[in-house]
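> need the 3D shape of this:
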Amino acid sequence: METKPAPRSLHLPAGAAARGPYAVDIDPARAGWTHSALRVLDLPPGGTHRFETGNSEWVVLPLSGGGTVRVDGEILELVGRASVFDGVSDFAYVPRDAHVQIASGAGGRFALAGAKCERRLPARYGPAPEVHVETRGSGNRSREVRNFAAADAFDCDRLIAVEVITPGGNWSSYPPHKHDEHRPGEESVLEEIYYYEVQEAAEVHEVQEAREAAEAQEVHEAAEPPSPPSGTPGPPPGTPGRAYGYQRITPSRPGGAALLAEVRGGDAVLVPDGWHGPSIAQPGHPLYYLNVMAGPGPEREWKICFHPDHTEGYA
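Here you go, the predicted model:
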């Protein structure tokens, strides 16, 4: 009698995808697909980490803290940020077939968004002020999208990556949409990873106070040059009892991906196919997610199809 393979786990709670030095380590083999990858690295003050890029291109994105990236004889300085809820960050692109070192004097958490690729592009620095930020949707469906490595924003061979901040109580990844068929000009095939962080009540208050202080300083003083953020704030993602959100995936084909999961900081969700959305933020607790996408199509493009029950698109 033939034994069927165990179904793939689409929801990876914090710690479930940890491996070696990485709090999250999802490669194509582990995900059961061909291109998209994600690692999350925590460095203590003075910490360093070295890795080989292999057959993949990577973006090193500070989630908290800052540091330096050494690659191809270059040193790329990353100012970073205090947390993902503190605004956009600068980032570093590192090509395939390279040796990379990440170092952080004050410590920090870094996302490594990756994609198996063919072309070897040059290592580059992505300045924070050049990241295009947009508000998508309206009302309680509005969210902030940070297009740091969107298909039309930053040159990569295969990789597409964006950040999304959903205000507490709002829905994002809405209306439900998919990208699992190759239909030229209409839809592209993209494997997608969601990585989440959720803002705690104390952090919400601290961020609001910091914003008000910054606004007051802008009014009364000349702006000072920014200082690098000082390490990882608060308890790490995945600490029991933390705030949460919800993620939904519904099948787009018989036997396709299906999920309704409570997600917390440090969790990841795999989207191999299917209608994904909404992502729902707990009232009072903004929800962050990093989207990492790549696929086998002939073009690097983000073409999506909305669910037929929600043809209004991003209203």
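> for residue 147, what are its contacts?
Residues counted as contacts of residue 147 (CB atoms under 8 Å, 6 or more residues apart in numbering) are 131, 132, 133, 134, 153, 162. C-beta: built from backbone N, CA, C; applies to glycine.
> show me which of those residues are buried.
131, 153, 162 (16 or more other CB atoms under 10 Å).
> with adjacent residues omitted, what lies nearest to the second one?
Counting by CB to CB, 6 or more residues apart in numbering, residue 153 lies nearest to residue 147, which is 4.6 Å off, once chain neighbours are set aside.
> the one you found pairs with what?
Listed by DSSP bridges, the beta-bridge partners for residue 147 are residue 132.
> so what's it scoring on pLDDT?
On the pLDDT scale, residue 147 is placed at 98.
> what's the distance between residue 258 and residue 77?
Residue 258 sits 44 Å away from residue 77, taking CB to CB, to the nearest Å as the criterion.
> next, count neighbours for residue 311.
Neighbour count of residue 311, defined by other CB atoms under 10 Å: 8.
> cool, residue 144 as well?
The number of residues packed near residue 144 is 18, by other CB under 10 Å.
> try residue 115
Residues lying near residue 115 (other CB under 10 Å) number 30.
> surely it touches residue 57?
Yes - at 5.9 Å, residue 115 and residue 57 qualify as touching, with contact defined as CB atoms under 8 Å.
> and the next element down the chain from the helix-or-strand element of the chain with minimal mean pLDDT?
Ranked by mean pLDDT, DSSP states H and E, the helix or strand of the chain with the weakest confidence is helix 201-220, at a mean of 60. Using DSSP states H and E, the helix or strand that follows helix 201-220 in sequence is strand 244-250.
> and that following strand, how far from the chain's centre?
Offset of strand 244-250 from its chain centre (CA atoms, centre = their mean, to the nearest Å): 16 Å.
> what strands line up against it, and which way round?
strand 259-264 (antiparallel), strand 275-281 (antiparallel).
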